[in-house]
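Undergrad: Here is my input; please provide its structure:
(chains A, B, C and D)
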4 protein chains.
Amino acid sequence: MYPELRKPGTRGDLMRAAVLGVEELERRLAEEFPEAFHAGSGLAIVDVWHGGARVRQDDRKNSTRPGGTVSGPVLMQLADVTMYVAILASIGWVPLAVTTNLTINFLKKPPPGVLIGECRLMKVGKRLAVGEVGIRADGETDLVAHATSTYSLPSRP
Amino acid sequence: MYPELRKPGTRGDLMRAAVLGVEELERRLAEEFPEAFHAGSGLAIVDVWHGGARVRQDDRKNSTRPGGTVSGPVLMQLADVTMYVAILASIGWVPLAVTTNLTINFLKKPPPGVLIGECRLMKVGKRLAVGEVGIRADGETDLVAHATSTYSLPSRP
Amino acid sequence: MYPELRKPGTRGDLMRAAVLGVEELERRLAEEFPEAFHAGSGLAIVDVWHGGARVRQDDRKNSTRPGGTVSGPVLMQLADVTMYVAILASIGWVPLAVTTNLTINFLKKPPPGVLIGECRLMKVGKRLAVGEVGIRADGETDLVAHATSTYSLPSRP
Amino acid sequence: MYPELRKPGTRGDLMRAAVLGVEELERRLAEEFPEAFHAGSGLAIVDVWHGGARVRQDDRKNSTRPGGTVSGPVLMQLADVTMYVAILASIGWVPLAVTTNLTINFLKKPPPGVLIGECRLMKVGKRLAVGEVGIRADGETDLVAHATSTYSLPSRP
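TA: Numbers count the residues shown, from 1 in each chain, chains lettered A, B, ... in the order given. The predicted structure follows:
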């Protein structure tokens, strides 16, 4: 759909590196958001680039619905976290960026197991960042959910 | 905004009772969704009526962000659960109703503490139910978040 | 659902008057947006108050779909205009306020005829305003559509 | 973001042809929706394939806002029409498919001129179709708006 975005990146920045890398992001997130990023959370950053991120959610016991499917809130959290990581990777450490809006469509029931969220930022402005996140089961091509989200960004130099 | 809805209910059904009451709903939900409705989840149904529901989310240790605010995923889960309870209360036990879409706007940072989600169903059709959920801190009037959501309903007699 | 909002207004401002009234708004909108607000557009402001607005869309020949229903774009435009009018009425003349996000749920087919959009602002912050708009056929109580929308507000003194 | 979707199509159907082609779609739409698809509407189908469509909106006099930008309702209509065309092209002539939900994010002000909407269907189920639409100015790569939408599909053999 967006031929210019076949490679990670956005707006001509295809080759620009992320401002913060995976290791630094994971370390800082674990320090400042230990309630979300801890050993048992099952969240891990797979990759980041300028304009996007890929985050992995391992299976968690307490997130299933009848029939064994992963619950909606787990998918919503993964969408939100992936978007947040993409923003931090692209503009630097702005932990006080906050979600103002998130819209998610649930497309098919995911099998239990690892989920991958992949964010593509569509806009990074002075005040707002807007992106989309596709979520799929690891190794699958079909999306199980798709979200768009807006973050309000703190003023920055 | 909706003068006809000042009292719980919708579409002239102001006085129609819920099909399932609070106690039966809590019992059944705990049986079939123990991962979500258990003693430690902090979720409790406050009230249900034909066309709506009110659900309470007690404070949970692991849901805060820097500054002590409740995280977005907790609000998203509360919105989704409140909508689900409103549907079950209004049309009966259809546990396989599934969320197809949820849009949430985060309006202000909630203080730590009890949150109340209140759902008003705007449409209950053969295939789809659409509702809105307002979330506020217990005892406050301002909304901290507002969601709209669509559920796909299983065929029913 | 929002007992504090049974009368127009928000956040304790129940009795605060609009900053701009219906006549001034219609005059200014016709001057600056003649492509949208003109004699043939069928749009008219019914009422404004601090925190909300009611806008009327008369029937237009070219907005029907098979079966005689009003098309989605007409409903989306009415939602957007009603939100815009509510913002101007509440914070004053900020014509460069722009829509950043709009989510609309179509609930039932409206009959041909007059539609009424009613907006309730849920948040008016420094940078963003968030509101919901219910649309119904004139004289009816059921909603035909429901929208939530976010506007980005220009800096103001 | 979706490497499997670099070529038009979805879910392994990369090479499947559209069920209805551009000419037949334009002829039928003009017959049945003359109020939307007529000589002066500025709408033209550029391309269709199994799982998507590209629709063009020529400049129209009455759709600008101060500063010369195209108004939001024009973008919303283009998103809705592009999604509709993608569905018809993919599953055949189901004119009574109706929009149930549309979420649009406005990303940057488009210059006056031709706009291109491009839809990618993410799900085509028995009851619901879900897709995303990117809108950009003709010849540009940045998106000016991005929408996701759900259509309710009539029962079909």
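Undergrad: Give me the most central residue, chain A.
TA: Nearest residue to the geometric centre of chain A (C-alpha atoms, centre = their mean): residue A:82, 1.0 Å.
Undergrad: Is it correct that that one falls within a helix?
TA: Yes. Counting by DSSP: H, G, I helix; E, B strand; the rest coil, one finds residue A:82 located in a helix.
Undergrad: Not counting residues beside it along the chain, what's closest to it?
TA: Spatial nearest neighbour of residue A:82, chain neighbours left out: residue A:117 (3.7 Å); criterion: C-beta to C-beta, 6 or more residues apart in numbering or on different chains. Quick note: C-beta positions are derived from backbone N, CA and C, even for glycine.
Undergrad: Hmm, the one you found is touching residue A:84, no?
TA: No. Using C-beta atoms under 8 Å, residue A:117 is not in contact with residue A:84, being 10.6 Å away.
Undergrad: Report the separation between the residue nearest to the centre of chain A and chain B.
TA: Plainly put, residue A:82 is 12 Å away from chain B if you go by C-beta to the nearest C-beta, to the nearest Å.
Undergrad: Just checking, which helix or strand of chain A averages the lowest pLDDT?
TA: Lowest on mean pLDDT, DSSP states H and E among the helices and strands of chain A sits strand A:64-65, with a mean of 54.
Undergrad: Any residues of chain A in contact with chain C? List them.
TA: Residues of chain A found near chain C (C-beta under 8 Å from any C-beta of the partner chain) are A:100-101, A:103, A:127-128, A:130, A:150, A:152.
Undergrad: Any idea how many residues pack against the residue lying closest to residue A:50 once chain neighbours are set aside?
TA: What sits nearest to residue A:50 in space, not counting adjacent residues and going by C-beta to C-beta, 6+ apart, is residue A:16, at 3.9 Å. Residues within reach of residue A:16, counting by other C-beta atoms under 10 Å in any protein chain shown, total 15.
Undergrad: just the helices in chain A please.
TA: Taking DSSP state H, the helices of chain A run over residues A:22-32, A:72-91.
Undergrad: Kindly reformat the ones you listed as JSON lines containing mean pLDDT.
TA: Output for the helices of chain A, formatted as JSON lines (pLDDT from 0 to 100):
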{"stretch": "helix A:22-32", "mean pLDDT": "92"}
{"stretch": "helix A:72-91", "mean pLDDT": "94"}
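Undergrad: just the ones you listed: most buried one?
TA: Mean neighbour count (mean count of other C-beta atoms under 10 Å in any protein chain shown) peaks for helix A:72-91 among the helices of chain A, with a mean of 26.
Undergrad: got the angle for that helix vs helix B:72-91?
TA: Here the directions of helix A:72-91 and helix B:72-91 differ by 150 degrees (axes from the mean of the first three to the mean of the last three C-alpha atoms, to 10 degrees).
Undergrad: just the CA coordinates of helix A:72-91, formatted as PDB?
TA: Output in PDB follows, covering the C-alpha atoms of helix A:72-91 (Å, rounded to 0.1, in the frame of the first residue of the first chain):
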ATOM      1  CA  GLY A  72      -8.300  -8.100  23.800                       C
ATOM      2  CA  PRO A  73      -6.500  -6.100  26.600                       C
ATOM      3  CA  VAL A  74      -3.300  -7.900  25.900                       C
ATOM      4  CA  LEU A  75      -3.500  -6.900  22.300                       C
ATOM      5  CA  MET A  76      -4.400  -3.300  23.200                       C
ATOM      6  CA  GLN A  77      -1.400  -3.200  25.600                       C
ATOM      7  CA  LEU A  78       1.000  -4.500  23.000                       C
ATOM      8  CA  ALA A  79      -0.300  -2.000  20.400                       C
ATOM      9  CA  ASP A  80       0.200   0.800  23.000                       C
ATOM     10  CA  VAL A  81       3.700  -0.300  24.000                       C
ATOM     11  CA  THR A  82       4.900  -0.800  20.500                       C
ATOM     12  CA  MET A  83       3.800   2.700  19.500                       C
ATOM     13  CA  TYR A  84       5.500   4.100  22.600                       C
ATOM     14  CA  VAL A  85       8.700   2.300  21.800                       C
ATOM     15  CA  ALA A  86       8.600   3.600  18.200                       C
ATOM     16  CA  ILE A  87       8.300   7.100  19.400                       C
ATOM     17  CA  LEU A  88      11.100   6.900  21.900                       C
ATOM     18  CA  ALA A  89      13.300   5.300  19.300                       C
ATOM     19  CA  SER A  90      12.600   8.000  16.800                       C
ATOM     20  CA  ILE A  91      12.700  11.200  18.800                       C
END
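Undergrad: where does chain A have low pLDDT?
TA: Under the criterion pLDDT under 70, the flagged ranges of chain A are A:1-15, A:60-70.
Undergrad: now do 50
TA: A:1-14, A:62, A:67 (pLDDT under 50).
Undergrad: quick one, strands of it?
TA: Secondary structure of chain A by DSSP state E: the strands cover A:43-49, A:52-57, A:64-65, A:69-70, A:98-106, A:115-124, A:128-137, A:145-152.
Undergrad: what would the ones you listed look like in a markdown table with mean neighbour count?
TA: Shown next, in a markdown table, are those (neighbours: other C-beta atoms under 10 Å in any protein chain shown):
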| stretch | mean neighbour count |
| --- | --- |
| strand A:43-49 | 19 |
| strand A:52-57 | 24 |
| strand A:64-65 | 18 |
| strand A:69-70 | 22 |
| strand A:98-106 | 24 |
| strand A:115-124 | 23 |
| strand A:128-137 | 24 |
| strand A:145-152 | 25 |
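Undergrad: can you tell me which of those strands comes nearest to residue B:40?
TA: Nearest of these to residue B:40, taken as C-beta to C-beta: strand A:64-65 at 16.6 Å.
Undergrad: one step back: in JSON lines: the strands of chain A, plus distance to residue D:49.
TA: Below are those laid out as JSON lines (distance: least, C-beta to C-beta, whole Å):
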{"stretch": "strand A:43-49", "distance to residue D:49": "29"}
{"stretch": "strand A:52-57", "distance to residue D:49": "26"}
{"stretch": "strand A:64-65", "distance to residue D:49": "35"}
{"stretch": "strand A:69-70", "distance to residue D:49": "31"}
{"stretch": "strand A:98-106", "distance to residue D:49": "21"}
{"stretch": "strand A:115-124", "distance to residue D:49": "22"}
{"stretch": "strand A:128-137", "distance to residue D:49": "20"}
{"stretch": "strand A:145-152", "distance to residue D:49": "19"}
